[in-house]
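A.B. asks: coordinates only, sequence not included:
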């Protein structure tokens, strides 16, 4: 895709700080990091979101995430990190080529995922489970 920034990075038409690469994935530093070292793991085949990711890319993507996470922990002396992805604009996706974030975390870094946890009303957990199972 000629207008996709990540496809252009993969084909080296655009510059990036490449950390790691295998047959399925390219890992680069995010140019707008949450913390320095914030890395993006990008599948080499264009896909809009996780549901479009080719199953044959899964092993290479996972391997790249683990290799780079290990390097981040060792090089930045991390006690923890987050791995996440945003799928769809409503979820915060801004580049519509699937990618996974690896974000270093530090004590007192003031990053918070503010959640308002819910509880299922009586019997509703079974109803949701059945709705989901019916689509598997």
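C.D. replies: Happy to help now that I have it. Fair warning: this is a prediction, and the values are worked out from it, not measured in the lab.
A.B. asks: please name the nearest non-neighbouring residue to the residue nearest the centre of the chain.
C.D. replies: Closest to where the C-alpha atoms of the chain average out (CA atoms, centre = their mean) is residue 100, at 1.4 Å. If the residues on either side of it in the chain are set aside, residue 100 comes closest to residue 41, at 4.3 Å by CB to CB, 6 or more residues apart in numbering. Heads up, the C-betas are built off the backbone N, CA and C, glycines and all.
A.B. asks: over to residue 83?
C.D. replies: The shortest distance from residue 83 to any non-neighbouring residue, by CB to CB, 6+ apart, is to residue 102 (5.5 Å).
A.B. asks: just the pLDDT for that neighbour.
C.D. replies: In this model, residue 102 is scored at 98, pLDDT.
A.B. asks: could you do the one 10 residues further on as well?
C.D. replies: Predicted confidence (pLDDT) for residue 112: 85.
A.B. asks: what number of residues lie near it?
C.D. replies: As a burial measure, residue 112 scores 6 neighbours (other CB atoms under 10 Å).
A.B. asks: again with residue 103
C.D. replies: Residue 103 sits with 20 neighbouring residues when counted by other CB under 10 Å.
A.B. asks: swap in residue 47?
C.D. replies: Residue 47: 15 neighbours (other CB under 10 Å).
A.B. asks: how about residue 59?
C.D. replies: Number of residues near residue 59 (other CB under 10 Å) recorded here: 13.
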